[in-house]
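Trainee: just coords:
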């Protein structure tokens, strides 16, 4: 939190002389005339240069950065970006590093309609906040423009899936100590799963083609986008036609062509102090993060009763509580 220090000077009661009177204070000209050094002390600290990287360690993925998460610690660095505009006690730029490095790469099935839909979009919308002094929650909504259904059934505008992480902070690093994937969340066949303790090893990572560093990898089921930590979990859910789940491409020479990171990644901030809201400029007209409305993926609100759960609902509820 930002602290504003207000200082004031009062007129000495016994003299009645104003504090700025020449009788009690030298002007700058007087100080220079008497040889006083009025220059500002030189800041000899090196300007801050952001460093961040991930490592795939045991038992889980780890993020390192020289940017502190706490505004007070950040303020000790020269020219560091220390703003906390969403007033959650975390540096916004640090949250940005977390979102950029720890958001998942999504592996799609070879028959995924999103791959051939010219208007299809996937946007990552995140809320990141402290849950204890040493732990941070990262919740990322995987906002698809459309749920394509299966076998010509259950399709609808908009599809709001999500994943979540718990980070444990320690000496400049953030360890992933819990992971959550949502699959048919809240439905009768809910396959949402929490990975903690030794189970965190079930999280898969892959080499990010841009950074060359490890990145979290999840699998989205064909058309419906239910999210899984592994193809095994996805494809063992059901063998009933039109209910079975297919994840990851089969019989292809280059699986990387079927992985997507999302067109945009937005840190939404907090409901009382949002950092992002309107998704129109990101290709989803009519969609807002903090509005109490269904999520229609930017495909229009004429049939919003058929749309997906609203982003506000996903932002407010913590699946790991």
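Mentor: On my side now, so go ahead. Just so we're clear, the structure is a prediction, and the values are computed from it rather than from any experiment.
Trainee: in the biggest strand by length in the chain, what's buried?
Mentor: The longest strand of the chain (DSSP state E) is strand 156-170. Neighbour-count burial for strand 156-170, with 16 or more other Cβ atoms under 10 Å as criterion, is recorded at 156-169. From N, CA and C alone the C-beta is placed, and that goes for glycine too.
Trainee: out of the residues you listed, which one sits closest to residue 133?
Mentor: residue 169 (8.4 Å; Cβ to Cβ).
Trainee: Spatially nearest residue to that closest one, not counting backbone neighbours?
Mentor: Closest residue in space to residue 169, ignoring its immediate chain neighbours: residue 134 at 5.2 Å, by Cβ to Cβ, 6 or more residues apart in numbering.
Trainee: I'd like to know how far the one you found sits from residue 269.
Mentor: As judged by Cβ to Cβ, to the nearest Å, residue 134 and residue 269 stand 22 Å apart.
Trainee: Low-confidence bits of this protein, can you list those?
Mentor: 1-40 (pLDDT under 70).
Trainee: what ranges do the helices span in the stretch 1-150 of the chain?
Mentor: Remark: helices assigned in the stretch 1-150 of the chain by DSSP state H, counting those that start in this stretch are 28-33, 71-74, 92-102.
Trainee: other SSEs contacting the longest one?
Mentor: In other words, helix 92-102. strand 52-56, strand 61-65, strand 122-130, strand 135-147, strand 156-170, strand 264-267 (3 or more Cβ pairs under 8 Å, 6 or more residues apart in numbering; DSSP states H and E).
Trainee: How far does that helix sit from its chain's centre?
Mentor: 6 Å (Cα atoms, centre = their mean, to the nearest Å).
Trainee: tell me the angle of that helix relative to strand 122-130?
Mentor: 130 degrees (axes from the mean of the first three to the mean of the last three Cα atoms, to 10 degrees).
Trainee: now helix 92-102 against strand 52-56, angle please.
Mentor: Going by the same axes, to 10 degrees, helix 92-102 makes 40 degrees with strand 52-56.
Trainee: and the closest residue to residue 65 other than its chain neighbours, how many neighbours does it have?
Mentor: Excluding the flanking residues, the one nearest residue 65 by Cβ to Cβ, 6+ apart is residue 52, at 4.0 Å. Burial measure for residue 52: 17 neighbouring residues, criterion other Cβ atoms under 10 Å.
Trainee: Residue 52 and residue 64 touch, don't they?
Mentor: Yes. Using Cβ atoms under 8 Å, residue 52 makes contact with residue 64 at a distance of 6.8 Å.
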